[in-house]
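# Model the structure of this input:
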Amino acid sequence: MKRGIWLGWLLAITLAGMGEAAESPPRKNVLFLISDDLNNALGCYGNHQIKTPHIDKLAARGARFDRAYCAFPLCGPSRNSLLTGLYPNSTGILANAQIFRQTVPNQPSLSQVFRQHGYFAARVGKLYHYNVPNSIGTIGHDDPASWELMANPAGADRLRDEPKIFTLTKGQFGGTLSWLASDEPEAQQTDALLASDAEWILERCARQKDRPFFLAVGFYRPHTPYVAPRSYFQSYPVQEMPVVQGVAEDQADLPKAALASYKKEQDQLTDALRREAVQAYYASISFMDAQVGRVVAALDRLGLAENTIIVFTSDHGYHLGEHGLWQKQSVFEESARVPLLVIDPSQAKRGASVVATPVSHVDLFPTLAELCGIAAPKNLQGQSLAPMLKDSAAPGRGWALTQVVRGGGIRRFGASPAVGDNGNRYFGYSLRTSRWRYTEWDEGKRGRELYDHENDPRELTNLAEQAEFAERVAELSKQLRSAAAATFPASGETPELKEGLWAPNLVAP
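Here you go, the predicted structure:
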């Protein structure tokens, strides 16, 4: 009898809970799309040469953040920062091949918090750092606690195309300029397989609408090697590709540290090779754009879009010869700036909007938590962008901070900076306001930079040493130092790498 009473009570509680769930509005889903090494070469950001129709259509559905910036222009530090909502000085991740569980193991990640609140969290492709292309098809430096399901396909670009790839550095493809117009079928390229897996997951999420989802899709393109089907290359005649001019004049007023991301192998570049590299980069972007279109089309087709927040971004920007630089790890606009689109279905009637105030990757965690009604960790260091989705003129914080590390060389896990870096490591911090970019290298001891974006959007003239801007430099220096100080943990303690937790005996560049 007692057992029957208990079962009846349990059934009543269950039915009551089901009734409450039916009456309350469904929780919003999240579709998080991230590209790899993508700068703002997109049609919706004003590049009239690039062909990105699907991302452009996505921008027309919500908010385009015109001045969005990464915290650190390198894959590993940037992605760990974005996915924890903490600056690199608080995650302790300042290089690749590391993950925040080695430094701040109790910090919950973005998708982990959603899991803790009942969401189905799935990852397809690259979210945390991967050694591209060698780690494609594996979990890379992923965080298993962040996901309930992980998909790691490897396509023809990884499995069959590599012997055909042109590269500036023999035998290397990921960290050097390298490219290939592939003759393999488009459907067999890795990013196309990622889109197929994402479609498969969305189909199953559509059948179980009583449980919200957080689906993260990490595309590999346009990361080197720039591999895309030949048809995408043909969309960009090589003779029409731009080559940056006036590099020597541009570099004349720059501190040495500003150009330290230059790679010696790039001395081989001729104008002909530069055009080929840009062609390949653009082709890879258009190919990735097509895969984004497939995933978003599946969301629409399955009736999920009306209750799904969509985010599209990149881990950092990318140089294509500006200031004489290629790839990443500078704090110039091309390397620090990222595309950022946020589509909130509750703001659908507002249509497209453009947010001009500077924002940061660290703002995405508190934003998504607020939009989905989830309690976020109290130590997050970003601001919520929700007010800007409602009113694009909302001022927000008004600045974004990006940092890099210079000097030292290789540091092994567990080694103190003084030992692993020979005492030569120093930091560069760059503050971006609505009008200005101000940068200090080693607290100004190794140089300063100041650019007026109102009159010099390409950052060609360094104003930092001009007497008439001394007051502006002093003002921005004070603001930068205050912002940089706030990137460390509230306790004031710097995280230390713990050897052996996830990747023992690795060497981090």
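# where along the stretch 201-350 of the chain do the helices fall?
230-234, 247-251, 271-301, 333-336 (DSSP state H, counting those that start in this stretch).
# Need the winner for burial among these.
Comparing the helices of the stretch 201-350 of the chain by mean neighbour count (mean count of other CB atoms under 10 Å), helix 333-336 comes out on top with a mean of 25. C-betas here are computed from N, CA, C, even on glycine.
# Show me what it is packed up against.
strand 319-320, strand 426-433 (3 or more CB pairs under 8 Å, 6 or more residues apart in numbering; DSSP states H and E).
# Report all helices and strands that the first one contacts.
Contacting strand 319-320 under the criterion 3+ CB pairs under 8 Å, 6+ apart are the following elements: helix 271-301, strand 326-327, helix 333-336.
# rerun at 7 Å
Judged by 3 or more CB pairs under 7 Å, 6 or more residues apart in numbering; DSSP states H and E, the packing partners of strand 319-320 are strand 326-327.
# Name every strand pairing with the strand it packs on and say which way it goes.
Here strand 326-327 is paired, per DSSP bridges, with strand 319-320 (antiparallel).
# Show residues contacting the partner strand.
Residues outside strand 319-320 that contact it (CB atoms under 7 Å, 6 or more residues apart in numbering): Val278, Tyr281, Leu325, Trp326, Gln327, Lys328, Ser330, Glu334, Ser335.
# circling back to that earlier point, would you mind giving the helices of the stretch 201-350 of the chain as TSV with mean pLDDT added?
Shown next, in TSV, are these (pLDDT from 0 to 100):
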stretch	mean pLDDT
helix 230-234	98
helix 247-251	97
helix 271-301	98
helix 333-336	98
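# now the ones you listed as a markdown table including distance to Leu86?
Compiled in a markdown table, those are given as follows (distance: least, CB to CB, whole Å):
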| stretch | distance to Leu86 |
| --- | --- |
| helix 230-234 | 37 |
| helix 247-251 | 34 |
| helix 271-301 | 27 |
| helix 333-336 | 18 |
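# of all those helices, which lies closest to Ser182?
helix 230-234 (6.4 Å; CB to CB).
# ok, and what's touching the closest one?
By CB under 7 Å, 6+ apart, helix 230-234 touches Ala181, Ser182, Asp183, Gln279, Ala280, Ala283, Ser286, Phe287.
# same question, stretch 393-400
69, 357-360, 383, 387-388, 431-434, 483.
# Output that stretch as CSV, nothing but the C-alphas.
The C-alpha coordinates for stretch 393-400 follow below in CSV (Å, rounded to 0.1, in the frame of the first residue of the first chain):
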residue,chain,number,x,y,z
ALA,A,393,23.2,52.7,-30.0
ALA,A,394,23.6,51.4,-26.4
PRO,A,395,27.2,52.4,-25.5
GLY,A,396,28.3,49.4,-23.5
ARG,A,397,31.8,49.4,-22.1
GLY,A,398,33.1,51.4,-25.0
TRP,A,399,36.4,49.7,-25.5
ALA,A,400,38.0,46.3,-26.2
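# How far does that stretch sit from its chain's centre?
20 Å (CA atoms, centre = their mean, to the nearest Å).
# try stretch 459-478
The answer for stretch 459-478 is 29 Å, by CA atoms, centre = their mean.
# which element is Asn89 on?
Assigned by DSSP states H and E, Asn89 belongs to helix 88-91.
# So Ile309 versus Leu33, what's the distance?
11 Å (CB to CB, to the nearest Å).
# And Ala68, by the same measure?
Taken as CB to CB, the span from Ala68 to Leu33 is 14 Å.
# Of those two, which one has the most company?
More crowded of Ala68 and Leu33, by other CB atoms under 10 Å: Ala68, with 28 against 24.
# Please name the nearest non-neighbouring residue to the more buried one.
Excluding the flanking residues, the one nearest Ala68 by CB to CB, 6 or more residues apart in numbering is Leu340, at 3.6 Å.
# about what we covered before: and which of the contacts of strand 319-320 is nearest to Gln49?
The closest of the contacts of strand 319-320, once distances to Gln49 are taken by CB to CB, is Val278, at 9.4 Å.
# What's the separation between the closest one and Ala297?
Counting by CB to CB - Val278 and Ala297 are separated by 29 Å.
# Please apply the same query to Lys164.
Where Ala297 is concerned, Lys164 sits at a distance of 31 Å (CB to CB).
# Over to Glu443?
50 Å.
# Can you get me a residue count around Gln116?
12.
# what bits of the stretch 1-150 of the chain have low per-residue confidence?
Filtered on pLDDT under 70, the stretch 1-150 of the chain yields the residue ranges 1-24.
# at 80 what do you get?
1-25 (pLDDT under 80).
# and what of the stretch 301-450 of the chain?
348, 408-423.
# And the strands in it, which stretches?
Taking DSSP state E, counting those that start in this stretch as the test, the strands found in the stretch 301-450 of the chain are 308-314, 319-320, 326-327, 337-338, 340-343, 353-355, 359-360, 399-406, 411-412, 426-433, 436-441, 448-452.
# Not counting sequence-adjacent ones, nearest residue to the residue most central in space within the chain?
The structure's the chain has its C-alpha centroid closest to Asp315; by CA atoms, centre = their mean the separation is 1.8 Å. Leaving aside its chain neighbours, Asp315 sits nearest to Ser78 (4.5 Å; criterion: CB to CB, 6+ apart).
# Pretty sure Ala71 is one of the things that neighbour touches, is it not?
Yes: using CB atoms under 7 Å, Ser78 is in contact with Ala71, at 6.2 Å.
# who has more neighbours, these two?
Ala71 (28 against 24).
# How much space separates Ser271 from Leu325?
Careful, residue 271 is Asp and not Ser. Distance from Asp271 to Leu325, by CB to CB: 16 Å.
# What of Tyr426?
19 Å.
# same thing with Gly46?
Counting by CB to CB - Gly46 and Leu325 are separated by 21 Å.
# Repeat that for Thr103.
29 Å.
# now the end-to-end length of stretch 178-189.
Start-to-end span of stretch 178-189 (CA to CA, to the nearest Å) is 17 Å.
# what comes into contact with it?
Taking CB under 7 Å, 6+ apart as the rule, stretch 178-189 contacts 155-157, 160-161, 164-168, 192, 224-230, 233, 276-277, 280.
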